[in-house]
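1. Model the structure of this input:
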Amino acid sequence: MSYIVNNRIYVTPGFEDEFEARFRARAGQIDTQPGLKAMRVLRPQGNQAPYVVETEWQSQAAFRAWVGSDDFKRAHADPLPPEATAEGGGIEQFEVVEGTEARGPGE
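-> Next up is the predicted model:
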């Protein structure tokens, strides 16, 4: 199946545009990684909710290889200033045990 990693990040009000722009600018640094299936940056729709950066991998080993890569170091070399994010959030890792995908009529 898949291995899902979510990074929940509480972005301080006023830094949302910069946070999103940084992900748009560096998205290409992950999309060629072996084992990556998808990456999504999810904008919160409620008060006090964090952004969620979701990556989907073929395996935990593929995710760990990304974390140990030079590309990962480059992607995280220029972080937002400390005041741009608040306490809380963090990394969550999941192994998918069951799932489905939408199918159109007749498929």
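
2. Listing request: residues of the protein with sub-threshold pLDDT.
-> Scanning the chain for pLDDT under 70 picks out 27-28, 106-107.

3. show me where it has helices.
-> Counting by DSSP state H, the chain has helices at residues 16-26, 60-67, 70-75.

4. Quick check: which of the ones you listed is buried the most?
-> Highest mean neighbour count of the helices of the chain: helix 60-67, a mean of 15 (counted as mean count of other Cβ atoms under 10 Å). Glycine gets a C-beta too; all of them are placed from N, C-alpha and C.

5. Which elements pack onto that helix?
-> When contacts are defined as 3 or more Cβ pairs under 8 Å, 6 or more residues apart in numbering; DSSP states H and E, helix 60-67 sits against strand 3-9, strand 51-57, strand 90-95.

6. If we use 6 Å, what do you get?
-> Judged by 3 or more Cβ pairs under 6 Å, 6 or more residues apart in numbering; DSSP states H and E, the packing partners of helix 60-67 are strand 3-9.

7. Good, we can wrap up now.
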